[in-house]
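Enquirer: build me a structure from this.
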Amino acid sequence: MHEMSIALAVVEQVARAAQRHGARTVESVRIQVGELAGVVPEALDFCFELACADTVVRGAKLLTEPVAARARCGGCATEWPVGMPPDLCCPGCGGAQAELLAGRELQILSVCWADGPAPAPTHQEG
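Expert: So this is what the prediction gives:
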């Protein structure tokens with residue numbers, strides 16, 4: 001199941017970013033997943049929850065934004081939704097010169113920290 005490797009990669013990147021920014025807790029991670037990325041959102045949610053265990057990302061919500069697949073014909077410039085299974089024949093001219101415009105995305109869009117850095121310790125001389 002490649003959703004687990006994706007989830008592990010997302011958690012690793014978010015945990016590194018949290019550490020760099022001094023965040024102690026992550027509330028949510030928003031990702032974009034294209035229709036043709038080969039990812040099953042429910043499986044990714046499950047794997048994300050498992051991958052978060054014992055990390056700063058534990059308990060964070062995974063917010064998935066789907067991206068519909070779209071193509072454009074290289075011959076007549078018609079654009080159309082590709083759908084599943086993918087239909088790469090132009091509905092305008094019947095040509096097979098499709099250029100995929102969207103639908104293969106798989107990226108982290110944003111991360112919401114629940115809190116900021118830990119307060120710096122104060123030293124009192126007395």
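
Enquirer: and the residue nearest the centre of the chain, how far from A9?
Expert: For the chain, I31 is the residue whose C-alpha lies nearest the centre (C-alpha atoms, centre = their mean; 2.7 Å). With distances taken as C-beta to C-beta, to the nearest Å, I31 is found 11 Å from A9. Just so you know, the C-beta spots here come from the backbone N, C-alpha and C atoms, and that holds for glycine as well.

Enquirer: one more: T78?
Expert: Distance, T78 to A9, by C-beta to C-beta: 36 Å.

Enquirer: this structure: helices as residue ranges?
Expert: 2-21, 41-52 (DSSP state H).

Enquirer: now render the ones you listed as TSV, adding mean pLDDT, mean neighbour count and distance to G92.
Expert: Shown next, in TSV, are the helices of the chain (pLDDT from 0 to 100; neighbours: other C-beta atoms under 10 Å; distance: least, C-beta to C-beta, whole Å):
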stretch	mean pLDDT	mean neighbour count	distance to G92
helix 2-21	94	16	35
helix 41-52	96	18	31
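
Enquirer: I'd like the ones you listed written out as JSON lines, with distance to G103 added.
Expert: Formatted as JSON lines, the helices of the chain follow (distance: least, C-beta to C-beta, whole Å):
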{"stretch": "helix 2-21", "distance to G103": "16"}
{"stretch": "helix 41-52", "distance to G103": "14"}
